[in-house]
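Asker: Next input, structure requested:
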Amino acid sequence: MTSRALVLGGGGVTGVAWELGLLAGLAEAGVDLTDADVVIGTSAGSVVAAQVTSGVDLEKLYEAQLVGPGSELAARLSTATALRWGLAALSSRDPQRVRARIGAMALAARTVPEAERRAVIEARLPVHDWPGRRLLVTAVDAASGEFVAFDRDSGVRLVDAVGASCAVPGVWPPVTIDGRRYVDGGVRSAANVDLAQGYERVVVIAPLVRGGGVIPSVAKQVATLSGAAVVVSPDEPARKAIGRNALDPARRAPAARAGRAQAAAVSAAVAEVWSR
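Answerer: Predicted coordinates:
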């Protein structure tokens, strides 16, 4: 039997909305990606991955993006923080060392309390238990820079795994799991596409696709896959709908609608890979 992987990348609260809009639009066009053999989520993609494997109807998940911000907290990645990320990415040829330097920055940053941020993640997830299906949620150990992919056998609560994957360094607090602190899986890669190695068909939905320094781009990771793959990232109307601040909850509805509208233009290319 052919194996299929759905990879969902990072991109802030608007990335969650755009991805859900795109998935809903694709399903409406007859291309349902939620029946993947494995769903791999990074940062915003981990939220979407947990949602679409929860058993909740995809239309309901999409519609939830069209309401007000709710419990979401507004934030912004400052220029200074982005610059520190960039300098860390270029500071070494050792990827784990780079991740540890970014992790150190995250540990030193002043953010909202960890419990307050956890409540936001809890509200995002309709179900707090791991699904029976294969779900991988990526994160990075802030102290060591070690990359991890949590699953239902990891002993880590789903809310904590997703919270860790969404802990943008310098913006949100690292998440404590068994005495360790973890940050955003996007510190390693915007989508961690390489985790889909070995699957015959791979669809990557990635709001962000660039890399930098030792952080590989989505395209670079896709090029190493042995199976057929297609990447979908925001088109120009979607980028305008998302706006300049991917962490702005007020942009959720426009981003979701833009994702749904974009689905019509990409459904044939996605179906070609998913259904071959």
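
Asker: Now the element after the longest strand that the chain contains, going C-ward?
Answerer: Longest strand in the chain by number of residues, with DSSP state E as the criterion: strand 134-141. Moving toward the C-terminus from strand 134-141, the next helix or strand (DSSP states H and E) is strand 147-150.

Asker: Can you list the strands that that following strand pairs with?
Answerer: strand 134-141 (antiparallel) (DSSP bridges).

Asker: how about the CA coordinates for the longest helix along the chain, as PDB?
Answerer: Identified as the longest helix of the chain according to DSSP state H is helix 252-274. Output of helix 252-274 as PDB, limited to C-alpha atoms (Å, rounded to 0.1, in the frame of the first residue of the first chain):
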ATOM      1  CA  ARG A 252      -6.700  35.000  11.300                       C
ATOM      2  CA  ALA A 253      -9.900  35.400   9.400                       C
ATOM      3  CA  PRO A 254      -8.400  37.000   6.300                       C
ATOM      4  CA  ALA A 255      -5.600  34.400   6.300                       C
ATOM      5  CA  ALA A 256      -8.100  31.500   6.500                       C
ATOM      6  CA  ARG A 257     -10.200  32.900   3.700                       C
ATOM      7  CA  ALA A 258      -7.100  33.400   1.500                       C
ATOM      8  CA  GLY A 259      -6.000  29.800   2.100                       C
ATOM      9  CA  ARG A 260      -9.400  28.500   1.100                       C
ATOM     10  CA  ALA A 261      -9.400  30.600  -2.000                       C
ATOM     11  CA  GLN A 262      -5.900  29.500  -3.000                       C
ATOM     12  CA  ALA A 263      -6.900  25.800  -2.800                       C
ATOM     13  CA  ALA A 264      -8.600  25.900  -6.200                       C
ATOM     14  CA  ALA A 265      -5.400  26.900  -7.900                       C
ATOM     15  CA  VAL A 266      -3.300  24.200  -6.300                       C
ATOM     16  CA  SER A 267      -5.700  21.300  -6.100                       C
ATOM     17  CA  ALA A 268      -4.700  19.600  -9.300                       C
ATOM     18  CA  ALA A 269      -1.000  19.700  -8.500                       C
ATOM     19  CA  VAL A 270      -1.700  18.300  -5.000                       C
ATOM     20  CA  ALA A 271      -4.000  15.600  -6.300                       C
ATOM     21  CA  GLU A 272      -1.400  14.500  -8.800                       C
ATOM     22  CA  VAL A 273       1.000  13.700  -6.000                       C
ATOM     23  CA  TRP A 274      -1.600  12.500  -3.400                       C
END
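
Asker: Remind me what it packs against, helices and strands.
Answerer: Applying 3 or more Cβ pairs under 8 Å, 6 or more residues apart in numbering; DSSP states H and E, we find helix 252-274 packed against helix 12-28, strand 201-205, strand 228-232, helix 236-242. For the C-beta atoms, the positions are set from N, CA and C on the backbone; glycine is no exception.

Asker: what sits up against the last one?
Answerer: Read it as helix 236-242. 11, 14-15, 18, 207, 234, 251, 254-255, 257-259, 261-262 (Cβ atoms under 8 Å, 6 or more residues apart in numbering).

Asker: The second one too?
Answerer: The list of residues contacting strand 201-205 from outside it, by Cβ under 8 Å, 6+ apart, reads 2-9, 19, 22-23, 33, 36, 45, 191, 193, 196, 218, 222, 225, 227-233, 270, 273-274, 276.

Asker: Past that strand, which element shows up next along the chain?
Answerer: helix 218-222.

Asker: same question, the longest one
Answerer: Using DSSP H and E, the helix or strand that follows helix 12-28 towards the C-terminus is strand 38-41.

Asker: contacting residues for the closest residue to residue 146 other than its chain neighbours?
Answerer: Leaving aside its chain neighbours, residue 146 sits nearest to residue 96 (6.6 Å; criterion: Cβ to Cβ, 6 or more residues apart in numbering). Contacts for residue 96 (Cβ under 8 Å, 6+ apart) come out as 144-147.

Asker: Of all residues in this structure, which one is nearest the centre?
Answerer: residue 45 (2.4 Å; Cα atoms, centre = their mean).
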